[in-house]
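Visitor: Predicted coordinates and the sequence they were generated for:
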Amino acid sequence: MKKCQNCNLIFDDTKKFYNKCGKPLISADETFYQKSQQINSALESQRPPYKSLKLKIGITIASLIMILVAGIIFFKFPSGTIKDIDGNVYHTIKIGKQVWTAENLRTTKYNNGSDIPLLNNSWGNSIPGYCYLTNNPDSIIKYGILYNWFTIDTKALAQTVGTFHLMQNGTTLQDYLIATGCNWDGTTIGNKIAKSLASKTSWNISKINGTIGDDLTKNNRSGFSALPGGYRGVYGKHYSFGLYARWWSSTQINASDAYIRFLNNDKESLSINDSCYGYSTDKNNGYSVRLVRDY
């Protein structure tokens, strides 16, 4: 198609029409070129604001990139919440291919709604039950409840929180944290992950480099938030508040003993025992409970 410069009539070459005013014809392509030149000239006259806009866009993109990088560094372990049969709400944390409760269990009911016996004053009788830390009910909010292993053995405790189950006598959590550089010294070999699991408060101070009690501000990289609630012994005495965090596993050794996992304020490792292979303990002891599920 062509257009007359003078009368603006449109002519189709294939029909051999000619303008009658004698003015030359310009093609649609030529018209587009001329309009483009006009637009470019207008933009050129506005160059300072245009450059400023480019600068602002560049800064905005750079800011977004910084936010995303910060998110990768500081929010590596996504969080959420769940609720138990008692209505207690727990924060959760995703670590690798597992989701963990970031607080100790504090339910007083089995999954069928029946009460778990409170054994504050009758501890060590080889029957299912729980107690409060130092027999103080106010401790439940921060430290959770201490259960004996006979409560664990009912198989009706962990299921009070959906599909979650007790930690097992394995090393999945440990292996992931080591492999992703959560050792206190940044290495990816050896079990030095205690600081990444322990909370930043309530632990007794230690002067041993790399241990939980050595500079609490560097703790809890994983968000696991382990607190040193100690434990209750077979004969009812409470031990190691501020020093130990101990949790039952779902694995028993024999009729009298079962495995646990624990942290100490003056150790750098998450332990099963000192050599990290297995530690049996009396089922009448009272330890905390953490729950986990596959992601």
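Guide: Happy to help now that I have it. Numbers count the residues shown, from 1 in each chain.
Visitor: who are the neighbours in contact with the residue lying closest to L243 once chain neighbours are set aside?
Guide: Sequence neighbours aside, N265 is the residue nearest to L243 in space, at 5.1 Å (criterion: Cβ to Cβ, 6 or more residues apart in numbering). No exception for glycine: its C-beta is placed from N, CA and C like everyone else's. N265 is in contact with 203-206, 211-213, 228, 242-244, counting by Cβ atoms under 8 Å, 6 or more residues apart in numbering.
Visitor: now do 10 Å
Guide: Applying Cβ atoms under 10 Å, 6 or more residues apart in numbering, we find N265 in contact with 194, 198, 202-206, 208, 211-214, 216, 228, 240, 242-245.
Visitor: what does G87 give?
Guide: Contacts for G87 were tallied using Cβ under 10 Å, 6+ apart; they are 107, 109.
Visitor: Ok, the one 10 residues further on next?
Guide: For K97, the contacting residues are 172, 176, 294-295, taking Cβ under 10 Å, 6+ apart as the criterion.
Visitor: List buried residues within those.
Guide: Y176 (16 or more other Cβ atoms under 10 Å).
Visitor: Now do the helices in the protein.
Guide: 28-45, 47-74, 140-143, 149-152, 172-179, 194-197 (DSSP state H).
Visitor: Could you tell me the least trusted of those helices?
Guide: The weakest mean pLDDT among those belongs to helix 47-74, with a mean of 43.
Visitor: Could you break the chain into its assigned domains?
Guide: Domains of the chain are assigned by automatic domain parsing as 2-74, 79-294.
Visitor: hang on, the earlier thing: any figure for the gap between the residue nearest to L243 and F224?
Guide: Relative to F224, N265 is positioned 15 Å away (Cβ to Cβ, to the nearest Å).
Visitor: and what of Y244?
Guide: Going from Y244 to F224 by Cβ to Cβ gives 15 Å.
Visitor: So for those two, which sits in the more crowded spot?
Guide: Set side by side, Y244 and F224 give different neighbour counts by other Cβ atoms under 10 Å, the larger being at F224 (25 against 21).
Visitor: related to what we said a few turns ago, please identify the deepest-packed of the domains of the chain.
Guide: Each of the domains of the chain was scored by mean neighbour count; the highest is domain 79-294, a mean of 18, by mean count of other Cβ atoms under 10 Å.
Visitor: start to end distance for it?
Guide: End-to-end distance of domain 79-294 (Cα to Cα, to the nearest Å): 14 Å.
Visitor: follow-up on the earlier one: possible to save the contacts of K97 as TSV with distance to N125?
Guide: Converted to TSV, the contacts of K97 look like this (distance: Cβ to Cβ, whole Å):
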residue	distance to N125
T172	34
Y176	39
D294	35
Y295	39
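Visitor: can you tell me which two in the contacts of K97 are farthest apart?
Guide: Farthest-apart pair in these is Y176 and D294; separation 12.6 Å (Cβ to Cβ).
Visitor: and for these two, which residues touch both?
Guide: Shared contacts of Y176 and D294, defined by Cβ under 10 Å, 6+ apart, are found at 96-98.
Visitor: Kindly reformat the residues you listed as JSON lines containing distance to Y110 and pLDDT.
Guide: JSON lines is the format used below for the shared contacts of Y176 and D294 (distance: Cβ to Cβ, whole Å; pLDDT from 0 to 100):
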{"residue": "G96", "distance to Y110": "30", "pLDDT": "95"}
{"residue": "K97", "distance to Y110": "28", "pLDDT": "93"}
{"residue": "Q98", "distance to Y110": "24", "pLDDT": "94"}
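Visitor: Which single one of the residues you listed is nearest to P128?
Guide: Of the shared contacts of Y176 and D294, the one sitting nearest to P128 (Cβ to Cβ) turns out to be Q98, at 26.7 Å.
Visitor: wait, that closest one sits on V292?
Guide: Yes. Judged on Cβ atoms under 10 Å, Q98 makes contact with V292 at a distance of 5.4 Å.
Visitor: Need the residues touching each of those two.
Guide: 167, 172-173.
Visitor: Would you format these as CSV with distance to P128 included?
Guide: Output for the shared contacts of Q98 and V292, formatted as CSV (distance: Cβ to Cβ, whole Å):
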residue, distance to P128
M167, 19
T172, 27
L173, 27
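Visitor: Spatially nearest residue to W149, not counting backbone neighbours?
Guide: What sits nearest to W149 in space, not counting adjacent residues and going by Cβ to Cβ, 6+ apart, is K283, at 3.6 Å.
Visitor: what sits against that neighbour?
Guide: Neighbouring residues of K283 by Cβ under 10 Å, 6+ apart: 126, 148-153, 234, 248, 252-258.
Visitor: make it 8 Å
Guide: Contacts of K283 (Cβ under 8 Å, 6+ apart): 126, 148-150, 153, 252, 256-258.
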